[in-house]
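**Student:** Fold the following and give me the result.
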Amino acid sequence: MSEFLNDEQKESLLDLARDAVSAKIKEDRTLSAETDDPVLLSKRGVFVTLKVNGELRGCIGYPLPQKPLAEAVGEMAIAAATQDHRFEPLGESDLGCLEIEISVLTLPRPVEDIREIIVGRHGIIVSKGHHKGLLLPQVPVEHAWNLETYLRHGCMKAGLDGNEWKRGAVIEVFEAQVFSE
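**Tutor:** Sure, this is the predicted structure:
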């Protein structure tokens, strides 16, 4: 991993995510991320996962470093709470049961052989043509998937047939520092 976050930085990002979601839902207000920490100002890929009562309610992020980490976390927390098309937007009643998980990503790299993929360590990006799907490294562990099942789900997430990983789909891997409240 390029640069690990320390406990204080992780706590700061979790607080930022919670405050951003709360301000958006309660007051329809967007907070700006204020920090002078060079690590939190560095551009990093990041995903924010939201659960309510242990159930997934949103997960959105930037796979590539597009914005400063603190800014990206605030934006993606709001997006996960309000724009994940798989779920209804969070409401004020959800805030008391909200659990936040943040995954800070390394840059993806292509794999030549699927045996390079370590389930539980590597996230995957599967792409073919204009189709692209990403699964975070914790997903196969949460569902007890083996490598082939993981690849199949990565293909389906991309909108492809589950076996496209055998037929020329490009597979990239990345790692993530994952932390939660």
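**Student:** looking at this, Ala70 is in a helix?
**Tutor:** Yes. Remark: Ala70 belongs to a helix, assigned using DSSP: H, G, I helix; E, B strand; the rest coil.
**Student:** Return the distance of it relative to Gly91.
**Tutor:** Ala70 is 26 Å from Gly91, where distance means C-beta to C-beta, to the nearest Å. Bear in mind the C-beta positions are built from the backbone N, C-alpha and C, glycine included.
**Student:** For these two, indicate the residue with more neighbours.
**Tutor:** Neighbour count, other C-beta atoms under 10 Å: between Ala70 and Gly91, Ala70 has more, with 24 against 10.
**Student:** who's in contact with the more buried one?
**Tutor:** Contacts here follow C-beta atoms under 8 Å, 6 or more residues apart in numbering; on that basis Ala70 touches 12-13, 16, 33, 35, 37, 40-41.
**Student:** Same list (those residues) but as a markdown table, adding secondary structure, pLDDT and neighbour count.
**Tutor:** Converted to a markdown table, these look like this (DSSP: H, G, I helix; E, B strand; the rest coil; pLDDT from 0 to 100; neighbours: other C-beta atoms under 10 Å):
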| residue | secondary structure | pLDDT | neighbour count |
| --- | --- | --- | --- |
| Ser12 | helix | 96 | 19 |
| Leu13 | helix | 97 | 27 |
| Leu16 | helix | 96 | 23 |
| Ala33 | coil | 82 | 20 |
| Thr35 | coil | 90 | 16 |
| Asp37 | coil | 93 | 16 |
| Leu40 | helix | 94 | 21 |
| Leu41 | helix | 94 | 13 |
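**Student:** with those in mind, which one is nearest to Gly120?
**Tutor:** Proximity of those to Gly120 (C-beta to C-beta) peaks at Leu13, which lies at 22.5 Å.
**Student:** For that closest one, give me its contacts.
**Tutor:** Going by C-beta under 8 Å, 6+ apart, Leu13 touches 5, 40, 69-70, 73, 102.
**Student:** next one: Ala169
**Tutor:** Here Ala169 is in contact with 126-128, 155, 158, 160 (C-beta under 8 Å, 6+ apart).
**Student:** low-scoring stretches of the chain, by residue?
**Tutor:** For the chain, the stretches flagged by pLDDT under 70 are 1-3.
**Student:** redo that, cut-off 50
**Tutor:** Residues of the chain that meet the criterion pLDDT under 50 lie in 1.
**Student:** any chance you could map the strands in it?
**Tutor:** Remark: strands assigned in the chain by DSSP state E are 45-52, 55-62, 98-105, 109-110, 123-128, 131-135, 170-174, 176-180.
**Student:** Can you point out the buried residues in the second one?
**Tutor:** Okay, so that is strand 55-62. Buried residues in strand 55-62, counted by 16 or more other C-beta atoms under 10 Å: 56-62.
**Student:** what's the spacing between the spatially most central residue of the chain and Glu11?
**Tutor:** Centrality entry for the chain: nearest residue to the mean C-alpha point is Phe47, 2.5 Å, by C-alpha atoms, centre = their mean. With distances taken as C-beta to C-beta, Phe47 is found 18 Å from Glu11.
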